[in-house]
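Undergrad: structure, please.
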Amino acid sequence: MPDNTQFSEAVLDRAKKIKLFLMDVDGTLTNGGVCLISPPGGGEILEMKVFNAKDGAGLTLAHIMGLKTGFITGRKSPAVQQRAHEVHVDYVYLGQATKKAAFEECMQKAGVTEEETAYMGDDLPDLPLAVRAGLAVAVADAAVELKAACHFITTARGGEGAAREVIELILKSQGRWEEAVPKALA
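TA: Here you go, the predicted structure:
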């Protein structure tokens with residue numbers, strides 16, 4: 001993660017105001033692959049997802065530092081619900097065909113404005129939220145159209161620590177990174 005001198009003043013100014021960090025899941029917290037497993041003998045199809053440990057550590061640190069977080073995803077997945085619980089995510093919205101209502105509800109529950117909300121995504125369904133967020137973030141391998149609408153593009157690809165990168169950006173811009181580091185030690 002670069003130090004603050006490698007971010008534009010505009011991005012740092014936006015990140016300083018963030019109190020809520022919302023994100024998509026598939027292609028953002030995962031590499032975008034969807035692994036469907038058919039159990040022997042039939043039965044309900046199971047879904048497997050792979051999450052990055054750095055993102056998990058970052059989300060846990062965000063929780064410790066009082067930064068609210070949330071997942072808004074189009075898929076319904078027990079794996080996402082479990083991961084959210086493990087890393088102390090405040091708001092989890094699964095099966096969202098459109099994400100606008102969940103975005104607004106998260107802001108209302110957190111008591112924040114759009115300007116105080118960051119949103120990270122990877123594809124076209126994320127555009128309506130990115131254009132509203134105070135800090136709009138696209139992962140490195142996001143759709144070109146989303147990248148064009150965002151204030152910041154991570155160096156990490158989806159599923160490779162992009163959420164951690166954004167959390168670090170937010171905490172560094174707020175002058176709270178040095179306070180956070182000792183709290184992250186196991």
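
Undergrad: residues making contact with stretch 178-186?
TA: With contacts defined as Cβ atoms under 8 Å, 6 or more residues apart in numbering, stretch 178-186 is touched by Ala57, Thr60, Leu61, Ile64, Met65, Leu171. Placement of C-beta: from N, CA and C, glycine included.

Undergrad: which parts of the strand or helix carrying the second one are buried?
TA: Taking DSSP states H and E as the definition, Thr60 sits inside helix 53-64. Counting neighbours by 16 or more other Cβ atoms under 10 Å, one finds that the buried residues in helix 53-64 are Lys54, Asp55, Gly56, Ala57, Gly58, Leu59, Thr60, Leu61, Ala62, His63.

Undergrad: other SSEs contacting that helix?
TA: Secondary-structure packing of helix 53-64 (3 or more Cβ pairs under 8 Å, 6 or more residues apart in numbering; DSSP states H and E): strand 68-72, helix 162-173, helix 177-184.

Undergrad: list the contacts of it.
TA: Here helix 53-64 has contacts from 21, 29, 69, 83, 86-90, 161-168, 170-171, 180, 183-184, using Cβ under 8 Å, 6+ apart.

Undergrad: just the buried residues of those.
TA: Applying 16+ other Cβ under 10 Å to these flags 21, 29, 69, 83, 87, 89-90, 161-168, 170-171, 180 as buried.
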